[in-house]
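J.: Give me a model of this one.
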Amino acid sequence: MARTPDTISTLRRVLNECRTLAVVGLSPQWHRPSFFAAKYMQAHGYRIVPVNPLVARDGGSILGERAWASVREADAAIRAEGGRIDMVDCFRKAEDIPPLAEDAVAIGAKCLWLQLGVVNEDAARVAEDAGLLVIQNRCVKIEHARLFGGLGWAGVNTRVISAKRPQVLPY
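T.: Next comes the predicted model:
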């Protein structure tokens with residue numbers, strides 16, 4: 001299959017169609033990027049399915065959702081509820097991606113998304129050959145905010161920084 005075009009229209013389509021995200025490597029610690037990105041996506045109507053073996057081992061949850069030990073285990077549970085995982089969003093090192101790409105293919109996900117700094121061409125080829133869209137080296141939260149107007153959620157576009165001269169000085 002041809003490479004997934006890394007265009008605005010592709011990103012917008014993926015973010016519109018993929019509403020249930022298995023977030024692999026989702027940390028329960030509020031200050032970690034995976035937590036912040038997942039919380040943002042959850043606040044914008046996406047279902048987050050945490051995949052974290054350490055949290056799942058103790059039967060824990062992250063962001064109010066039960067954590068699972070693997071993508072396949074999470075998929076079985078979501079399918080039992082009548083749903084499906086649309087995107088496998090990976091907060092893991094590049095060398096950890098190949099088995100996650102295989103899992104994404106096995107569960108019939110629509111998209112394999114690799115976060116900022118994560119690129120694995122072999123895994124991308126496996127996923128794309130199976131018909132999945134693959135997004136590499138991009139943050140799902142940043143792209144959603146950029147394309148759907150969510151920048152204000154993180155303190156941007158709050159009129160604190162503006163090119164316009166204020167009518168009244170703030171002091």
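
J.: can you give me the helices for the protein?
T.: 8-17, 33-43, 53-57, 71-80, 97-107, 121-129, 140-148 (DSSP state H).

J.: between these, which one is nearest to Leu114?
T.: Leu114 lies closest to helix 97-107 among the helices of the chain, at 6.4 Å (CB to CB). Every residue, glycine included, has its C-beta placed from N, CA and C.

J.: tilt between that closest one and helix 121-129?
T.: 10 degrees (axes from the mean of the first three to the mean of the last three CA atoms, to 10 degrees).

J.: buried residues in helix 97-107?
T.: Buried residues in helix 97-107, counted by 16 or more other CB atoms under 10 Å: 97, 100-105, 107.

J.: Pipe those residues into JSON lines and attach pLDDT and distance to Ile78 per row.
T.: Below are the buried residues of helix 97-107 laid out as JSON lines (pLDDT from 0 to 100; distance: CB to CB, whole Å):
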{"residue": "Ile97", "pLDDT": "98", "distance to Ile78": "21"}
{"residue": "Leu100", "pLDDT": "98", "distance to Ile78": "16"}
{"residue": "Ala101", "pLDDT": "98", "distance to Ile78": "19"}
{"residue": "Glu102", "pLDDT": "98", "distance to Ile78": "18"}
{"residue": "Asp103", "pLDDT": "98", "distance to Ile78": "13"}
{"residue": "Ala104", "pLDDT": "98", "distance to Ile78": "14"}
{"residue": "Val105", "pLDDT": "98", "distance to Ile78": "16"}
{"residue": "Ile107", "pLDDT": "98", "distance to Ile78": "9"}
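
J.: Thanks a lot, catch you later.
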